[in-house]
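Undergrad: the following comprises the amino acid sequence and a computationally predicted model.
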Number of protein chains: 4
Amino acid sequence: MTDRIRLGMVGGGQDAFIGAVHRIAARLDDQFELVAGALSSTPEKARASGHALGLPRVYPDYKHMARQEGKRDDGIEAVVIVTPNNVHFDPARSFLRQGIHVICDKPLTHTLASAKKLVKEVAALDALFFLTHNYTAYPMIRQARAMIADGQIGEIRVVQVEYAQDWLSEDIDTKQAQWRTDPARSGSGGSIGDIGTHAFNLACFVSGLKVEELSAELHGYVPDRMVDDNAHIMLRFEGLARGMLWASQVAPGNENGLRLRIYGETGGLEWSQEEPNRLWFTRFGEPKQLLTRGGAGAWPEAARFTRVPSGLPEGYLEGFANLYSDIAQVICAHRAGQAPDPAVSYPTVQDGLAGMRFIDACLRSSAQNSQWMPLQPD
Amino acid sequence: MTDRIRLGMVGGGQDAFIGAVHRIAARLDDQFELVAGALSSTPEKARASGHALGLPRVYPDYKHMARQEGKRDDGIEAVVIVTPNNVHFDPARSFLRQGIHVICDKPLTHTLASAKKLVKEVAALDALFFLTHNYTAYPMIRQARAMIADGQIGEIRVVQVEYAQDWLSEDIDTKQAQWRTDPARSGSGGSIGDIGTHAFNLACFVSGLKVEELSAELHGYVPDRMVDDNAHIMLRFEGLARGMLWASQVAPGNENGLRLRIYGETGGLEWSQEEPNRLWFTRFGEPKQLLTRGGAGAWPEAARFTRVPSGLPEGYLEGFANLYSDIAQVICAHRAGQAPDPAVSYPTVQDGLAGMRFIDACLRSSAQNSQWMPLQPD
Amino acid sequence: MTDRIRLGMVGGGQDAFIGAVHRIAARLDDQFELVAGALSSTPEKARASGHALGLPRVYPDYKHMARQEGKRDDGIEAVVIVTPNNVHFDPARSFLRQGIHVICDKPLTHTLASAKKLVKEVAALDALFFLTHNYTAYPMIRQARAMIADGQIGEIRVVQVEYAQDWLSEDIDTKQAQWRTDPARSGSGGSIGDIGTHAFNLACFVSGLKVEELSAELHGYVPDRMVDDNAHIMLRFEGLARGMLWASQVAPGNENGLRLRIYGETGGLEWSQEEPNRLWFTRFGEPKQLLTRGGAGAWPEAARFTRVPSGLPEGYLEGFANLYSDIAQVICAHRAGQAPDPAVSYPTVQDGLAGMRFIDACLRSSAQNSQWMPLQPD
Amino acid sequence: MTDRIRLGMVGGGQDAFIGAVHRIAARLDDQFELVAGALSSTPEKARASGHALGLPRVYPDYKHMARQEGKRDDGIEAVVIVTPNNVHFDPARSFLRQGIHVICDKPLTHTLASAKKLVKEVAALDALFFLTHNYTAYPMIRQARAMIADGQIGEIRVVQVEYAQDWLSEDIDTKQAQWRTDPARSGSGGSIGDIGTHAFNLACFVSGLKVEELSAELHGYVPDRMVDDNAHIMLRFEGLARGMLWASQVAPGNENGLRLRIYGETGGLEWSQEEPNRLWFTRFGEPKQLLTRGGAGAWPEAARFTRVPSGLPEGYLEGFANLYSDIAQVICAHRAGQAPDPAVSYPTVQDGLAGMRFIDACLRSSAQNSQWMPLQPD
């Protein structure tokens, strides 16, 4: 394993949730080695967290870390940024400018302006940028995308996507809830940023279509909440396809209800994140089929990511690890000056910008009585 | 059973689908006796259909029937109207004016103007009018409504309703498809009239809330289709509750996917027509519960309509029969000059008018780039 | 409807459950007319129940009824027997001897000896005998049987059937519970008679195979219960097919969990009574298919019994009505001296005898430490 | 991470399935470091596989490895044995005698005699022995066990367990299929050894009950198959509890259908491996509850193993990793000369022996016409 990718992490210290997820995902297929970190914005916490993980190199802050790692021969090749949204841009730029690839949590940044700046940075530099819309790497999501691209359901007419949770139904006081409902740290979008961008990204990824315009109605139901916790959005995709997106964090009984249903001229596909190994496929006029990750109806796009036989469920961490696996392939190809395997796929900084445009358009539409708003570049 | 209600039927002859449903529903609990009919607009078919059913009195057309039955001492007490939408108003008025109660299929009529006229007719006459939004009579729907009225989920925030089918995914040539996609017979609404009104009615019935405004985007996807076959609609209910309604007849893999999910401050309720004996109930912060029609969590509102023990499924026809059972109670109370049991519930001509306003608002909103349109009376 | 079949009923008065089910089932498709009854073993209750239903002819007891109806020109053509098991044989014989067809609830009788006598009676007389193993008339059960007969899953290897309920988990004091747990009235079998016979019958009906031997372990878990409330049974079918049958009335969380799974050389079929409109079909090596009553994968055997489109659930009462519909066809063919439509199917007195042999074999096997017991005729 | 446990592996080279699973499971929570291996019985393959994984120390065979590692100061502390069943005993003994803990795949060995010898070895030595009945480490399985121990369903009456697959429905020629159907390598049990032991172990683990006797009927359906591929088994637990176990590898439509249902005097629990994050719980007389791994109804026993919030599925690999996590705690406690946390649980060599007795009893019972066979120690 001399060529495991040397990885660093910014954020993700004690109390964090998503940092541990990234570490497991990076470790699962043994293609990365976490060797450095600045795991908290509080230097002491950063040190304690780093030592608790047994990291070889522990930094008090990301700036120091970027500078030092950039200088070392055995410095990190990639860094994972798992901080609140308002602390994405600066560290990303710092590492990219050191030639260190960036694996960044979504949404891209906390403002559309900073997102646009980041796009320019990435374009100007050699280092790679990956956004962790992890749901795109579920095997049956990859298969759904491939089936649609192959014409299995014909031209798309309708896209229904939703992401429903209930954990913010009341005003809660955990670290996770606090920053996500604080516009200064999460940006002006609440549920639309935290989960709406996932739904939006997934709908576009699987359908292969871009959203041209949207009409939104956002609400913050919990008293004193400063961001939306429920979003109703109508979508106009390119061509004739139309869709709806519902994002909610106040829907009691929903744990992590990300669901995608796409209907075309000749068929339909339905998928739910809580049962990720299954994909329902209907050819109009034929019985519904249940396709499973490793089963008889699996396509190569799902098989690529199949570690255990069908019926043995792979879950969220495996899905996340699939994305890390594709990222590893891209980084290795970049090392070798080659193009990555065409089967590889990952969300780019452009996808991140699209997500920021989505948030921005939602906010503007909602403020203007749900007027249709374009998402296209200005 | 000397006091079974004498019933007539207009429409519902050979080839019809919904006529047979009404007949079974009326017969199931043995409270009605079908004794007369004008079962087709074609006199010969009307006669053949009536004789095939062994009806004591067979009429060539509804006008004749209304006149004759109105004169008889043993004439029908109620008539079922199961004709295309453009043939609701005239027969309804004819029978009402004869003092014969009307049980009318939805939507109320084929134009908002005729709906308003019908409301006035009903208001001015003594005979009763019932609209067969049959889904309101599923036991667990009644229970959901009662639970919400009782405050079990707190103040409502979000209402998600959808009605997805696939049978019109292609241009088909059956009698059922023809009139439903012909504006002259069905009215200007396609899917919004045929199934959208059911979804709209059910959302209002269960939530106990009125829709004040809506924003709609309608499409007719199948080439040469003259009405919508897919509708995306955002809903503003009175107060702060917001919702979405999706109606589609071009969603392959959906047979009769009417689903309702309502979320309030303290809980959520979820129901699907294809599993009508089940109601999912979550109190925020507690495990999800599966309530069943005849099970431990059944309320009296469901128990009223429970013919067989839990685990023995009751279905669509039983749901329809529940409505007929409530109608029978209302008619019997009317006979006796009494108020019906307060547990009884049925969709009124006002509910029908609300449905017509819904259709009208959808069409106008969609024509005006999804502008929010009020549904309230002018 | 001059030729609706004139029907009588024995048992099924107030407090009874299954009598009302039979009445609805007989009425649903309008092929029967209930005109006479001896609805209780208590003459006063019999009268009150009969009058409450508005029956034209109310009898104090079945003997009187059989004699009188047998004499009338317009006497009943068929009688439904819905009494406790120990009151099946005598009324059945009485009516059969009057030339009146018998529609009898299962199990056939309360002892194997009386069952054998009844078989002889039926053989010797012209009147028809029908046993209401109603689950055989669910549309997707008929389809499953047809698919197996057609070789869709190849030669059968394994049959797993179970019927799990929970209502007798405690000692309860309802009329329904009392007679079912009283050997004098129900026979020596408890759960094996009440629900085990259904499971046994269904497994044989769908597989097309006979059981040759069984090995059973029966328990009565509730203190002071005099019959079994849980039964574990291994089955040897003719040929190589093997199976298991589990019947329980003490399995909390199970309402009416009758489930059948059959696996053959090349495929499998799975069905659950609580979702009766669905049948899972797998061809080995292909994705699982969800076949629905009225959907694209429906066979004519299911279509025969389809009153409403797919997605509109038909349930237990419709299933029961399907059996009545087949019975009506057989009776009408008998009237006309013709053979019934070959599509028609119903459980016979021989099936009833097989069920009694099943009960008997279970009891003997369980008493002899689960020794394998043959079911074949002595 | 200086104290990650140094791990070796025997078997699990290229083409193997379960070796990769163990490696991921051991890596997931970063408590083990794989440093040595003899990954194949073919020395060349062993070398190639070891180098492909980048192992620091690659051995041509396990004997050499045990000897060398036993001598090193930095030798492995534990070894994973993932060879065919006939190659469990010898390597296990070799490593145990070197003071190296053994993590061994199930079933324990390929004969009851060797299993008994292994038990004696373990008893006589200081090194620890762990059997990877991985399904016992699913969070909701741990919770189910805790709930039963706590009396949540009362005294147990009925245990229904099944493990159904379809991959051996035909004669297939993969490496995985070959050794599993070769008595010389797998032992005399086919499906009962490969999956039946899992089902048996899980039923005992969750119920907290021992099986005293069983009655079995085994079949090998596929022509020329030398071991059983379907097993029907009745179980007598200590006390009054009774159960059924069905294991099949020829049930088309079943991928990895391990399901456990346990019913007691006052409640029931139901779990399915394909939806491992969910546990159905019914208190008799109350609505069914859906308990989820990280949800409101989660107990500490599930929470211990919760890496990601509820609604984000954890699957088979996480379940396996949970077992490795408990093993790590036991090994660390052993290092420190302390007792492990009482929350920790793992299958022991005695559990392995029980599994071998189960296989043996199944074979003997089936050979003797399903006679009841005791499982207790001779």
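TA: Received it, and whenever you're ready, just let me know what you need.

Undergrad: how much space separates A:Gln143 from A:Tyr135?
TA: 14 Å (Cβ to Cβ, to the nearest Å). (Each C-beta comes from the backbone N, C-alpha and C, glycine too.)

Undergrad: ends of stretch A:289-303, what's the gap?
TA: 18 Å (Cα to Cα, to the nearest Å).

Undergrad: can you list the neighbours in contact with it?
TA: Residues outside stretch A:289-303 that contact it (Cβ atoms under 8 Å, 6 or more residues apart in numbering or on different chains) are A:139-140, A:142-143, A:145-147, A:276-282, A:305-306, A:308-312, A:314, A:343, C:285-290, D:255.

Undergrad: thinking again about what came up before, higher neighbour count, A:Gln143 and A:Tyr135?
TA: Neighbours were counted for A:Gln143 and for A:Tyr135 using other Cβ atoms under 10 Å in any protein chain shown; A:Gln143 has more, 27 against 24.

Undergrad: what helix or strand is that one located in?
TA: According to DSSP states H and E, A:Gln143 maps onto helix A:139-149.

Undergrad: that older thread, from the contacts of stretch A:289-303, which land in strands?
TA: Of those, the ones assigned to strands by DSSP state E are A:Arg278, A:Leu279, A:Trp280, A:Phe281, A:Thr282, C:Lys288, C:Gln289, C:Leu290.

Undergrad: distance of the residue lying closest to the fifth one once chain neighbours are set aside relative to chain D?
TA: It refers to A:Thr282. Among residues not flanking A:Thr282 along the chain, B:Gly253 sits closest, at 3.3 Å (Cβ to Cβ, 6 or more residues apart in numbering or on different chains). From B:Gly253 across to chain D, the span is 19 Å (Cβ to the nearest Cβ, to the nearest Å).

Undergrad: A:Gln14 too?
TA: From A:Gln14 to chain D the distance is 15 Å (Cβ to the nearest Cβ).

Undergrad: one step back: give me the number of residues near the residue nearest to A:Thr282?
TA: Neighbour tally, B:Gly253, other Cβ under 10 Å: 25.

Undergrad: do the one 5 residues further on as well
TA: B:Leu258 is surrounded by 24 other residues when neighbours are defined as other Cβ under 10 Å.

Undergrad: how about it, secondary structure?
TA: strand (DSSP: H, G, I helix; E, B strand; the rest coil).

Undergrad: just the pLDDT for it.
TA: Listed pLDDT for B:Leu258 reads 98.

Undergrad: gap between the nearest residue to it once chain neighbours are set aside and chain A?
TA: Once flanking residues are discounted, B:Leu258 sits nearest to B:Gln273: 3.9 Å by Cβ to Cβ, 6+ apart. According to Cβ to the nearest Cβ, B:Gln273 stands 17 Å off from chain A.

Undergrad: what's the burial count for B:Gln273?
TA: Neighbour tally, B:Gln273, other Cβ under 10 Å: 23.

Undergrad: who are the contact partners of it?
TA: Going by Cβ under 8 Å, 6+ apart, the list of residues near B:Gln273 reads B:Tyr135, B:Tyr138, B:Asn256, B:Gly257, B:Leu258, B:Arg259, C:Gly311, C:Leu312, C:Pro313.

Undergrad: ok, it to B:Tyr138 distance?
TA: From B:Gln273 to B:Tyr138 the distance is 7 Å (Cβ to Cβ).

Undergrad: now swap in A:Gly315 and tell me
TA: Counting by Cβ to Cβ - A:Gly315 and B:Tyr138 are separated by 35 Å.

Undergrad: between those two, point out the one with more neighbours.
TA: B:Tyr138 (28 against 24).

Undergrad: so that one makes contact with B:Leu323?
TA: No. Using Cβ atoms under 8 Å, B:Tyr138 makes no contact with B:Leu323, being 9.4 Å away.

Undergrad: on that earlier part again, which parts of the following helix or strand past the helix holding A:Gln143 are buried?
TA: Using DSSP H and E, the helix or strand that directly follows helix A:139-149 along the chain is strand A:156-164. Using 16 or more other Cβ atoms under 10 Å in any protein chain shown as the test for burial, strand A:156-164 gives A:Ile156, A:Arg157, A:Val158, A:Val159, A:Gln160, A:Val161, A:Glu162, A:Tyr163, A:Ala164.

Undergrad: is any residue of strand A:156-164 near chain D?
TA: No. Between strand A:156-164 and chain D, judged by Cβ under 8 Å from any Cβ of the partner chain, nothing touches; the nearest distance is 9.5 Å.

Undergrad: dump that strand to CSV, restricted to CA.
TA: Taking C-alpha atoms only, strand A:156-164 is exported to CSV below (Å, rounded to 0.1, in the frame of the first residue of the first chain):
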residue,chain,number,x,y,z
ILE,A,156,-38.1,12.2,-19.4
ARG,A,157,-41.4,13.9,-18.5
VAL,A,158,-41.6,14.1,-14.8
VAL,A,159,-39.0,14.2,-12.0
GLN,A,160,-40.3,14.0,-8.4
VAL,A,161,-37.6,14.4,-5.7
GLU,A,162,-38.0,14.9,-2.0
TYR,A,163,-35.8,15.0,1.0
ALA,A,164,-37.8,14.8,4.3
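
Undergrad: in terms of secondary structure, what does that strand contact?
TA: helix A:197-207, strand A:230-237, strand A:242-248, strand A:257-264 (3 or more Cβ pairs under 8 Å, 6 or more residues apart in numbering or on different chains; DSSP states H and E).

Undergrad: and of those, who's closest to D:Pro43?
TA: helix A:197-207 (46.6 Å; Cβ to Cβ).

Undergrad: so how far is the closest one off the chain centroid?
TA: Relative to its chain's centre, helix A:197-207 lies at 10 Å (Cα atoms, centre = their mean, to the nearest Å).

Undergrad: closest to B:Ala339 out of the helices and strands packed on strand A:156-164?
TA: Of all the helices and strands packed on strand A:156-164, strand A:230-237 comes closest under Cβ to Cβ, at 40.1 Å.

Undergrad: does chain B sit close to the closest one?
TA: Yes. Counting by Cβ under 8 Å from any Cβ, contacts between strand A:230-237 and chain B involve A:Asn230, A:His232, A:Met234, A:Arg236.

Undergrad: ok, then the element right after whatever helix or strand A:Ala361 lives in?
TA: Using DSSP H and E, A:Ala361 sits within helix A:349-367. Next helix or strand after helix A:349-367 toward the C-terminus (DSSP H and E): strand A:373-374.

Undergrad: surely A:Gln176 is in contact with A:Pro84?
TA: No. Contact criterion Cβ under 8 Å: A:Gln176 and A:Pro84 do not qualify, at 10.3 Å.

Undergrad: neighbour count for these two, which is higher?
TA: A:Pro84 (20 against 16).

Undergrad: next, count neighbours for the nearest residue to A:Ser49 once chain neighbours are set aside.
TA: The shortest distance from A:Ser49 to any non-neighbouring residue, by Cβ to Cβ, 6+ apart, is to A:Gly13 (3.3 Å). A count of nearby residues for A:Gly13, using other Cβ under 10 Å, gives 24.
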